[in-house]
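**Student:** Based on what follows, work out the 3D shape:
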Amino acid sequence: MKITICGSMHHKNAMLAASEKLVLLGYETETPDMSEREDYTALPSQERAATKEGLIRAHLNKITTSDAILVFNEEKKGIAGYVGGNTLMEMAFAYSQGIEIFMLNPTPDLGYKDEIDGMLPIVLEGDVAAIDAYFKSLPKTFVSSKSPVKLAAISRAMRRAGIRTTVVAKPTQSNVAEQPMSIDETYEGAINRHDALVAASVKDMPAYFATVESGNHRAHKDHNTFGTTVVILEKAGGVRKAGINLDVEFPKEMTDKVPSQYPDLGVLVQQEYGSILKDPFPYFTGGKITRQKLVEDAVYNVAVQL
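**Tutor:** Just a heads-up that it's a prediction; the model follows:
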């Protein structure tokens, strides 16, 4: 799971130490850009605003892919547990996405104390390791894949739908092509994965089961194939819900190489573009769309029905 740390550069070293502690506990972390500590007051007002805008946007983008934030609110300006304007804004941004807000110390005595408390932060009483205990206490969602993109998307989508959970990878086989080329094939792969997941995991008593299968589909004769995502979510001992999303049209120069040269588009971008993740979408949308966001939205559409 991924946690973004928010706070004043006044506590730079302590924030980095907290990040290291979380990494040792098995979490991925993001921290503020440490150049934010630089003094911008000597810059012309427009340049100062543009610099600050870039820093704000970059940090909010980190929160957009996180499962939680940690507000590092140590003493500052003589106020215990101080939360500044920038951090308050980041808290509100996280709150709007439904992800957990951990606060290192109790709410400070400030004019916007009620607003902070209204976002229902989880106060850690100075113990960063309490984050790990919290996540381990949550109900589990077993996922029929070990894909980092799918795991992150399911975790965030469930949170957006009001379901606090910890995702656990339990990969199963789709028994279809690595790159399904129709909605029917993609749906079949999802059913195969999901049925195998439930059959293998029911004795472990998770709270939820989740499957995401991605493929392509030729939706119209005048267009190339579009990305499609099939989602299956199931509450243990309860209802099973499914969803089908059609999203972005793929460039023909990419799809012509699958499966003749590459088993799927994810492998293509890894081999030809040096991508770490199996995500083709940033390479033809100017970085504005990611597979994780598309999958997250698809999962959310189903999660709100549980």
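
**Student:** State whether residue 6 is indeed within a helix.
**Tutor:** No. Looking at residue 6 with DSSP: H, G, I helix; E, B strand; the rest coil, it is strand, so not inside a helix.

**Student:** Can you tell me who it pairs with across the strands?
**Tutor:** Beta bridges link residue 6 to residue 71, judged by DSSP bridges.

**Student:** which ones are touching it?
**Tutor:** 32, 59, 63, 69, 70, 71, 72, 87, 90, 91 (Cβ atoms under 8 Å, 6 or more residues apart in numbering). In this view, the C-beta of every residue, glycine as well, is placed from N, C-alpha and C.

**Student:** Find me whatever residue is spatially closest to the first one, sequence neighbours aside.
**Tutor:** Of all residues beyond its chain neighbours, the one nearest residue 32 is residue 59 (5.8 Å), with distances taken as Cβ to Cβ, 6 or more residues apart in numbering.

**Student:** Not counting residues beside it along the chain, what's closest to residue 204?
**Tutor:** residue 142 (7.2 Å).

**Student:** in the stretch 151-300 of the chain, which segments are predicted with low confidence?
**Tutor:** Along the stretch 151-300 of the chain, the model assigns pLDDT under 70 to no residue.

**Student:** any idea of the pLDDT on the residue most central in space within the chain?
**Tutor:** Centroid-nearest residue in the chain: residue 65, 3.7 Å away (criterion: Cα atoms, centre = their mean). Each residue has a pLDDT score; the one for residue 65 is 96.

**Student:** Isn't it up against residue 2?
**Tutor:** Yes. If you go by Cβ atoms under 8 Å, residue 65 and residue 2 touch, sitting 6.5 Å apart.

**Student:** can you pull the contacts of the residue nearest to residue 32?
**Tutor:** Contacts of residue 59 by Cβ under 8 Å, 6+ apart are 4, 6, 32, 33, 90.

**Student:** ok, how many other residues are close to residue 224?
**Tutor:** Close neighbours of residue 224, defined as other Cβ atoms under 10 Å, add up to 16.

**Student:** For it, which residues are in contact?
**Tutor:** By Cβ under 8 Å, 6+ apart, the neighbours of residue 224 are 218, 249, 250, 251, 252, 255.

**Student:** Now these in a markdown table, please, with extra columns for neighbour count.
**Tutor:** Putting the contacts of residue 224 into a markdown table (neighbours: other Cβ atoms under 10 Å) gives the following:
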| residue | neighbour count |
| --- | --- |
| 218 | 13 |
| 249 | 16 |
| 250 | 20 |
| 251 | 13 |
| 252 | 11 |
| 255 | 19 |
